[in-house]
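In: Model the following, please.
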Amino acid sequence: MHNGRHPTHGSESMSDLTTVTFPPAFLWGAATSAYQIEGAVREDGRTPSIWDTFSHTPGRTAGGEHGDIAVDHYHRYRDDVALMADLGLTAYRFSISWSRVQPTGRGPAVQVGLDFYRRLVDELLAHGIKPAVTLYHWDLPQELEDAGGWPARDTAFRFAEYAQIVGEALGDRVEQWITLNEPWCSAFLGYASGVHAPGRTDPEASLRAAHHLNLAHGLGTTALRAAMPARNSVALSLNSSVVRPVSQDPADLAAARKIDDLANGVFHGPILHGAYPETLLAATSSVTDWSYVLDGDLRAIQQPLDALGLNYYTPTLVSAAEWAGTGPRADGHGASAHSPWPGADDVAFFQTPGERTEMGWTIDPTGLHELIMRYTREAPGLPLYITENGAAYDDKPDPDGRVHDPERIAYLHGHLSAVRRAIADGADVRGYYLWSLLDNFEWAYGYEKRFGAVYVDYATLARTPKSSALWYGEAARSGALPGVTDAA
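Out: Okay, here's the model as predicted:
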């Protein structure tokens, strides 16, 4: 790890170094996901996932774009790992393509698929970079969707089998494990609003999916622990919303509670506390009867966690009001006429004030501090990691070929300062994973939105570290935040 102090340069000041420093063991990482970067979708036995099917369906993604090649990480992973090492990163979070490992979502593994991840892990370790594996980042094998997908109970058991396979293959070398990434998106964008794969618009199915994702997490955690050394850490990553009411009017407070339950409580209730919030069950009673929550499920879901991952981008602002159901909602989840919030059609969403990223998301680091402190109270003693945080900007190379992104540097400085403030306030935050390492396939937005710290020329697939990558690398090496104008 690069935690020693290095000479400062540029516009850093001693006050920067003394006031915004991080614990010596803090992990400085970057994150990606398989479908967004790997490509090679038909190589070595891999079969289609729901995102292959969805992205090849006309009208589903911007420009009809897909991840067939993405940024070709499958063939360029050695260069990408060397790039991480050059930047000074100490950790890398990546996801496994389920259908690359287990093409039908059931049965024995394809060893050549697992071999890719074995090689990737070995490459990371050879460069002194700590691997963190996410088992599921939204790319369900299409055969499992055809059999019912996440609304079907059996999918949770298939996930546990898959978790055991990967745990046995990599558990001797990978210590950090994440079962699910952002199950809210899988359940509600995939099955309610339909703006993500598999593109279904069935509110009741979305709540079934949420429960079976919770069950998959619990069963998968148990399977991982049975397959791996006891020293390994098992977590999950939630994109928990920071939900704020527009006023303190009781109706607005009730609206905020409803969205908080649907964004947060639906997952952390059973996972951390062994129960769904009563207010959630009441608010969704017109949508579902929750009869698919069977005896023993909540015990299976509430497995002790070793850590919790938090993904944060922007807060959510709501009030009590009728949503007309037309045009883009201000909740950052696309312009579908179908709500991703089952049972909450009486809640209105507003764009929070302030500067915005290319996604239209308001930049508000106070939300990250608020989120960290909430889970410090919600799960006392549980270590936290920021497993995603970042921003999309319209990055372009200068005539000299360099990519300057001062807005992203300011974004990172603000949010990392919020993390450090939370640590000072008593939160046990042990690492930060920048989203994302590389410009990549941004789901329904295709290749329009660039989140990477490293610029990718999609015509040649050449990689160019942006000024933010150099800034972040300096932070990783020094354990302190350089000045915001230090674009290296």
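
In: Let me know the next secondary structure element after the least confident helix or strand in the chain by mean pLDDT.
Out: Using mean pLDDT, DSSP states H and E, the weakest-scoring helix or strand in the chain turns out to be helix 14-19, at a mean of 40. On the C-terminal side of helix 14-19, the nearest following helix or strand under DSSP states H and E is strand 27-31.

In: helices or strands up against that following strand?
Out: strand 91-95, strand 130-136, strand 384-389, strand 429-435, helix 467-478 (3 or more Cβ pairs under 8 Å, 6 or more residues apart in numbering; DSSP states H and E). The way it works is simple: take the backbone N, C-alpha and C, and place the C-beta from them, glycine included.

In: Any chance of a markdown table for the ones you listed, columns mean neighbour count and distance to Ala31?
Out: Below are those laid out as a markdown table (neighbours: other Cβ atoms under 10 Å; distance: least, Cβ to Cβ, whole Å):
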| stretch | mean neighbour count | distance to Ala31 |
| --- | --- | --- |
| strand 91-95 | 26 | 4 |
| strand 130-136 | 25 | 8 |
| strand 384-389 | 25 | 6 |
| strand 429-435 | 24 | 4 |
| helix 467-478 | 24 | 13 |
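
In: and these as TSV, adding distance to Leu180?
Out: TSV is the format used below for the helices and strands packed on strand 27-31 (distance: least, Cβ to Cβ, whole Å):
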stretch	distance to Leu180
strand 91-95	10
strand 130-136	5
strand 384-389	11
strand 429-435	15
helix 467-478	26
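
In: Could you save these as CSV and add columns showing distance to Trp28 and mean pLDDT?
Out: Shown next, in CSV, are these (distance: least, Cβ to Cβ, whole Å; pLDDT from 0 to 100):
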stretch, distance to Trp28, mean pLDDT
strand 91-95, 7, 99
strand 130-136, 10, 99
strand 384-389, 11, 98
strand 429-435, 7, 98
helix 467-478, 3, 98
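
In: Just tell me which of those ends up closest to Ser240.
Out: Among those, strand 384-389 comes nearest to Ser240, with 11.0 Å by Cβ to Cβ.

In: Give me the distance from the helix or strand following that closest one to the chain's centre.
Out: Counting by DSSP H and E, the next helix or strand C-terminal to strand 384-389 is helix 406-424. Distance of helix 406-424 from its chain centroid, counting by Cα atoms, centre = their mean, to the nearest Å, is 18 Å.

In: can you give me the helices in the stretch 51-200 of the chain?
Out: 73-87, 98-101, 111-126, 142-146, 154-170, 183-184, 190-191 (DSSP state H, counting those that start in this stretch).

In: Buried deepest among those helices, which one?
Out: helix 190-191 (a mean of 30; mean count of other Cβ atoms under 10 Å).

In: Run a quick neighbour tally on Val174.
Out: The tally of other residues near Val174 (other Cβ atoms under 10 Å) stands at 21.

In: Verify the stated contact: it with Leu135.
Out: No. Counting by Cβ atoms under 8 Å, Val174 stays clear of Leu135, with 10.9 Å between them.

In: Now tabulate the helices of the stretch 51-200 of the chain in CSV and tack on distance to Val287.
Out: What follows is these, written out as CSV (distance: least, Cβ to Cβ, whole Å):
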stretch, distance to Val287
helix 73-87, 39
helix 98-101, 28
helix 111-126, 38
helix 142-146, 21
helix 154-170, 20
helix 183-184, 16
helix 190-191, 12
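
In: To Pro465, which of these lies closest?
Out: helix 73-87 (6.6 Å).

In: quick one, the closest one and helix 111-126 angle?
Out: 10 degrees (axes from the mean of the first three to the mean of the last three Cα atoms, to 10 degrees).

In: Could I get the average pLDDT for helix 73-87?
Out: Averaging pLDDT along helix 73-87 yields 98.

In: What sits closest to Gly354 if chain neighbours are left out?
Out: Thr362 (4.6 Å; Cβ to Cβ, 6 or more residues apart in numbering).

In: What's opposite the one you found in the beta bridge?
Out: In this entry, Thr362 is beta-bridged to Arg356, by DSSP bridges.

In: Ala391 is in contact with that one, correct?
Out: No. If you go by Cβ under 8 Å, Thr362 and Ala391 don't touch, sitting 10.9 Å apart.

In: out of the two, which sits in the busier spot?
Out: Taking other Cβ under 10 Å, Thr362 and Ala391 do not tie; Ala391 has more neighbours (25 against 19).

In: isn't the more buried one right next to Asp364, touching?
Out: No. Using Cβ under 8 Å, Ala391 is not in contact with Asp364, being 11.6 Å away.

In: Give me the three-state assignment for Arg244.
Out: strand (DSSP: H, G, I helix; E, B strand; the rest coil).

In: what's the neighbour count on it?
Out: 18.

In: Ok, Ser291 next?
Out: 7.

In: I'd assumed it was in a helix, is it?
Out: No. Assessed with three-state DSSP, Ser291 is coil; it does not lie in a helix.

In: quick one: it from Leu262, how far?
Out: Relative to Leu262, Ser291 is positioned 19 Å away (Cβ to Cβ, to the nearest Å).

In: Also Pro103?
Out: 34 Å.

In: the more surrounded of those two?
Out: Each of Pro103 and Leu262 has its neighbours counted (other Cβ under 10 Å); Leu262 has more, 29 against 22.

In: Reduced to three states, what does that one come out as?
Out: helix.

In: Low-confidence ranges, this structure, go.
Out: Along the chain, segments meeting pLDDT under 70 span 1-19, 322-336, 486-488.

In: any idea which helix is longest in it?
Out: helix 203-227 (DSSP state H).

In: buried residues in that one?
Out: 203-225, 227 (16 or more other Cβ atoms under 10 Å).

In: list the helices and strands it packs on?
Out: Looks like helix 203-227 contacts helix 154-170, strand 176-181, helix 183-184, helix 190-191, strand 233-238, helix 266-268, helix 297-301 (3+ Cβ pairs under 8 Å, 6+ apart).

In: strand partners of the second one, parallel vs antiparallel please.
Out: Right, strand 176-181. When DSSP bridges is applied, strand 176-181 pairs with strand 130-136 (parallel), strand 233-238 (parallel).
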